[in-house]
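Chemist: Below is the sequence, then the predicted model.
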Amino acid sequence: MNHIGMSLLGREDETAEFEAFLQGDDRVLLYWGVAGQGKSTLVEHLAACCPKDGYVVDLEYTAGRRNPSSDSADAARELLDELAEVLGGWCGTGTPAYRRAVDRADADEQALLTRNVTLKATVTARGNSSIVDSPVSLSAGSITEPLANLRALNRSKLVRALCDDLRKADLSGRVLFVDTTERLYYLDEVAYFEASGGARGVDEIGHWFANRFVPHLLGGAKGLKLVLAGREEVLMKPGIRCRRRELRNWSSTDSDAYLVSRGQEVDGFQQAVYRLCKGHPGWTSMLSDTAAILDWGEFDLFELERIARGRPAEEWLPRVFLSRIPEPGEPSSSLRRP
């Protein structure tokens, strides 16, 4: 099996789901599953298979970028700028309304950050006291809340402008992928002070993205489809047609096929790996790599099982196993003792 085929091992149902999604009327396809299931690999493959251009936004990267117009992080603005460039290219007309809205938003924010605040203070000496050399402290207040309010207001204007640019275009066949959706809460940051005067939706992944941005985007961009992938299922606003697919662990057959591709063909070895990893792709790959590097065999894995003492793979492998791998120069036939 070639590298591409092996990277998509056990994902036949997920790729079939995507094919059905392209042919159907649903606008959003949701993939979710625990870390290490190969979601990002699947997304990259599906984007490359689109009949027209597919584009992947990785929020792991976007959430860490900073808005060049200020020294404060604004992940939602970064995302909107990126999407405006991509979608404008797909339309063939660019996004002139969005660019004008950006210029106004930047000017508003700059004016807020550089505004002059005049404060007056009166100091009075009473009786025989003196005000000479007496310290005086003045505070103009924090910029945080006014800036958050301004960004929330401008963000709504930017979304409307972007949708106006897309309204006359036909984006049928175009698919926008958003990976690492567990980072969507970063986009909610500037909305914490919207309307209610305090944090809202902070316990709901993708509050702004799923409930505000996506409905506007799909309403303005005719034919555009959206694929979301992350560790948690994103709850979409009612009325948006969605397909959903959870990525699950490999079957024992898939796990064995992966190990055979790595040259680990002993049946007892394969069974021990499956018992330890429960078919989790990431953990299976990690244990396979470790066994190859340390020249482990079937009996070493039996000893590993004994040490694990039947604890769940999700507890043993990430929390204990990695800390017990021998350092270079140590005997490689067994794990270090705690």
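Modeler: Nice, I can see it. The structure presented is a predicted model; accordingly, all values stated were derived computationally and were not measured.
Chemist: And the residue nearest the centre of the chain?
Modeler: Averaging the C-alpha coordinates of the chain gives a centre point, and the residue nearest to it by C-alpha atoms, centre = their mean is Thr180 (2.4 Å).
Chemist: can you pull the pLDDT of it?
Modeler: For Thr180, the model assigns a pLDDT of 93.
Chemist: What distance do you get for it to Ala308?
Modeler: 30 Å (C-beta to C-beta, to the nearest Å). Every C-beta, even on glycine, is put in place using the N, C-alpha and C of the backbone.
Chemist: same check, this time on Arg27
Modeler: Relative to Ala308, Arg27 is positioned 45 Å away (C-beta to C-beta).
Chemist: neighbour count winner among those two?
Modeler: Arg27 (21 against 18; other C-beta atoms under 10 Å).
Chemist: Could I get the buried residue list for the longest helix seen in the chain?
Modeler: Secondary structure of the chain per DSSP state H: the longest helix is helix 144-166. Neighbour counts using 16 or more other C-beta atoms under 10 Å place 147-152, 154-156, 158-159, 161-163, 165-166 of helix 144-166 among the buried residues.
Chemist: Report all helices and strands that it contacts.
Modeler: Applying 3 or more C-beta pairs under 8 Å, 6 or more residues apart in numbering; DSSP states H and E, we find helix 144-166 packed against helix 75-91, helix 96-114, helix 214-220.
Chemist: repeat that for 10 Å
Modeler: Helix 144-166 is packed against helix 75-91, helix 96-114, helix 207-208, helix 214-220, with contacts defined by 3 or more C-beta pairs under 10 Å, 6 or more residues apart in numbering; DSSP states H and E.
Chemist: Give me the next element, helix or strand, following it.
Modeler: Note on helix 144-166: by DSSP states H and E, the next helix or strand toward the C-terminus is strand 175-179.
Chemist: other SSEs contacting that following strand?
Modeler: If you count contacts as 3+ C-beta pairs under 10 Å, 6+ apart, strand 175-179 packs onto helix 12-23, strand 28-32, helix 39-49, strand 54-58, helix 59-62, helix 75-91, strand 225-230.
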